[in-house]
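*Asks:* Model the following, please.
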Amino acid sequence: MIKAGILGATGNVGQRFVQLLADHPWFEITALAASERSAGKPYGEVAKWKLETDLPESVKDLTVVPTDPKKVDADIVFSALPAELATGIESDFAKAGVVVCSNASSHRMEKDVPLMIPEVNPEHLALIDIQKKNRGWDGCIVTNPNCSTIMMVMTLKPLMQFGIKNIHVATLQAISGAGYDGIPSMAILDNVIPYIGKEEEKMESEALKLLGTFDGSGVKNAPFWVSAACHRVMVMDGHTMSIWLRSEKNPTAEEVKDAFLKFDSGLSDLPTSPKKALIVREEPDRPQPRMDRDQGRGMSVSIGRIRSGHDNAIKYVCMGHNTIRGAAGASILNAELLKKKGYL
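*Replies:* Okay, the predicted model is just below:
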């Protein structure tokens, strides 16, 4: 078993990491790290567990430690730290020889840091060797994208064969994406909030790196643009988005559907990988968060309402679980790919 630590273990995404790693066949939770006010206390006392399953017995009495490489007994750490803290702390762990799989945004767009979706760009892991050489450290940092970016880009990957020219996306994002205390109930009840700070910028920039080409020394961004509009809605878990793009080859709706259905991740040997990364719904009113977010144990992205349109347009709706596929589960799948490729 590989010794695993979780940074920011008491927060919303940190708790997802605990839930998903508690019975993992490859990783054993050996350290839970959080702020100084939680350090030194049992995890079960300070976590204020909010998930739908019980707090795993295996970690209930584990003493929380500070987010310090000298205090965390682990070969790999999963970071659920806020971005403003992650920049320095994650670098400190990498310098100390630890592999960091991060959900934070701090390092995503750095040229020598892999921004990963294993089904989309596994070849970008080669940036790790460049990163180690550039920075002179024995560990490394590997990041996963923003939660909405993950759902969108997973559906875009099989459409690259049609020659993507530009993409428009409108998101309907769940409140869990803002954390347990992120949005007051008086703000979101009976309401839609048409703004999520920095979300649109992340979707527009991260997608180009993810779908870009690794040339041996770095990643050349994909040759199209993304325009995003992001909204917070009164849904607990599950981000939904409407996507319409223009392509060069003008495929029919059936050809687009067939591309989704034939998409094969090639990752069936990884424990967290779902049997189907993309699931196509035939019903006219699906996917829906409440009914589809747990598909593939929360790791599948569901797609529906596939249509073609004027001027080579492709239109569809996709949806995925934002704290599993869009956060903790994404980092864990990255770590499994690292092990498969010999980086762990």
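
*Asks:* mind listing the helices for the stretch 1-150 of the chain?
*Replies:* 12-21, 43-46, 57-60, 83-95, 127-135, 147-156 (DSSP state H, counting those that start in this stretch).

*Asks:* Let me know which of those helices is tucked in deepest.
*Replies:* Each of the helices of the stretch 1-150 of the chain was scored by mean neighbour count; the highest is helix 147-156, a mean of 27, by mean count of other CB atoms under 10 Å. Every residue, glycine included, has its C-beta placed from N, CA and C.

*Asks:* For that one, which helices and strands make contact with it?
*Replies:* Secondary-structure packing of helix 147-156 (3 or more CB pairs under 8 Å, 6 or more residues apart in numbering; DSSP states H and E): strand 164-173, helix 199-210, strand 239-247, strand 301-309, strand 313-320.

*Asks:* mind checking how far that helix is from the chain centre?
*Replies:* The chain centroid and the centroid of helix 147-156 are separated by 9 Å under CA atoms, centre = their mean, to the nearest Å.

*Asks:* Now do it and helix 12-21, the angle between them.
*Replies:* Angle of helix 147-156 versus helix 12-21, following axes from the mean of the first three to the mean of the last three CA atoms, to 10 degrees, is 50 degrees.

*Asks:* Averaged pLDDT, helix 147-156. What do you get?
*Replies:* Taken as a whole, helix 147-156 has a mean pLDDT of 98.

*Asks:* again with stretch 211-225
*Replies:* Stretch 211-225 shows an average pLDDT of 97 in the prediction.

*Asks:* What's the end-to-end length of stretch 100-118?
*Replies:* One end of stretch 100-118 to the other measures 16 Å (CA to CA, to the nearest Å).

*Asks:* Could you count how many residues lie near residue 116?
*Replies:* Neighbour count of residue 116, defined by other CB atoms under 10 Å: 26.

*Asks:* you'd agree it is up against residue 338?
*Replies:* No: when contacts are counted by CB atoms under 8 Å, residue 116 is not listed as touching residue 338 (9.1 Å).

*Asks:* Name the residues contacting each of those two.
*Replies:* Common contacts of residue 116 and residue 338, defined by CB atoms under 8 Å, 6 or more residues apart in numbering, comprise 125, 142.

*Asks:* returning to that earlier point: nearest to residue 151, of the helices and strands packed on helix 147-156?
*Replies:* Nearest of the helices and strands packed on helix 147-156 to residue 151, taken as CB to CB: strand 313-320 at 4.2 Å.

*Asks:* Name the strands paired with the closest one and say parallel or antiparallel.
*Replies:* Sheet pairing here is set by DSSP bridges, and for strand 313-320 it gives strand 239-247 (antiparallel), strand 301-309 (antiparallel).

*Asks:* Run the angle between the first one and strand 164-173 for me.
*Replies:* What it means is strand 239-247. Using the same axes, to 10 degrees: strand 239-247 against strand 164-173 is 170 degrees.

*Asks:* do the last one as well
*Replies:* With the same axes, to 10 degrees applied, the angle from strand 301-309 to strand 164-173 works out at 130 degrees.

*Asks:* for the record, mean pLDDT for strand 301-309?
*Replies:* 96.

*Asks:* Dump it to CSV, keeping only the CA atoms.
*Replies:* Taking C-alpha atoms only, strand 301-309 is exported to CSV below (Å, rounded to 0.1, in the frame of the first residue of the first chain):
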residue,chain,number,x,y,z
VAL,A,301,-20.3,12.3,-17.3
SER,A,302,-23.8,12.0,-18.7
ILE,A,303,-24.8,13.6,-22.0
GLY,A,304,-28.1,14.2,-23.6
ARG,A,305,-30.1,16.4,-26.0
ILE,A,306,-27.6,16.0,-28.8
ARG,A,307,-28.5,18.1,-31.8
SER,A,308,-26.9,19.6,-34.9
GLY,A,309,-27.6,23.0,-36.1
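
*Asks:* What residues of it count as buried?
*Replies:* Using 16 or more other CB atoms under 10 Å as the test for burial, strand 301-309 gives 301-306, 308.

*Asks:* now swap in the first one and tell me
*Replies:* Buried residues in strand 239-247, defined by neighbour count with 16+ other CB under 10 Å: 239-241, 243, 245-247.

*Asks:* re the thing from before, how about the helices and strands packed on helix 147-156, which one is nearest residue 18?
*Replies:* With CB to CB, the closest approach to residue 18 among the helices and strands packed on helix 147-156 belongs to strand 313-320: 20.7 Å.

*Asks:* That closest one: what's the following helix or strand?
*Replies:* helix 329-340 (DSSP states H and E).

*Asks:* With distance to residue 230 as extra columns, can I get the helices of the stretch 1-150 of the chain in TSV?
*Replies:* Listed next are the helices of the stretch 1-150 of the chain as TSV, based on distance: least, CB to CB, whole Å:
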stretch	distance to residue 230
helix 12-21	18
helix 43-46	32
helix 57-60	34
helix 83-95	17
helix 127-135	27
helix 147-156	7
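
*Asks:* could I get the buried residues of strand 239-247 as CSV with pLDDT and distance to residue 285?
*Replies:* As requested, those are exported to CSV (pLDDT from 0 to 100; distance: CB to CB, whole Å):
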residue, pLDDT, distance to residue 285
239, 98, 18
240, 98, 12
241, 98, 16
243, 98, 17
245, 97, 22
246, 97, 26
247, 96, 26
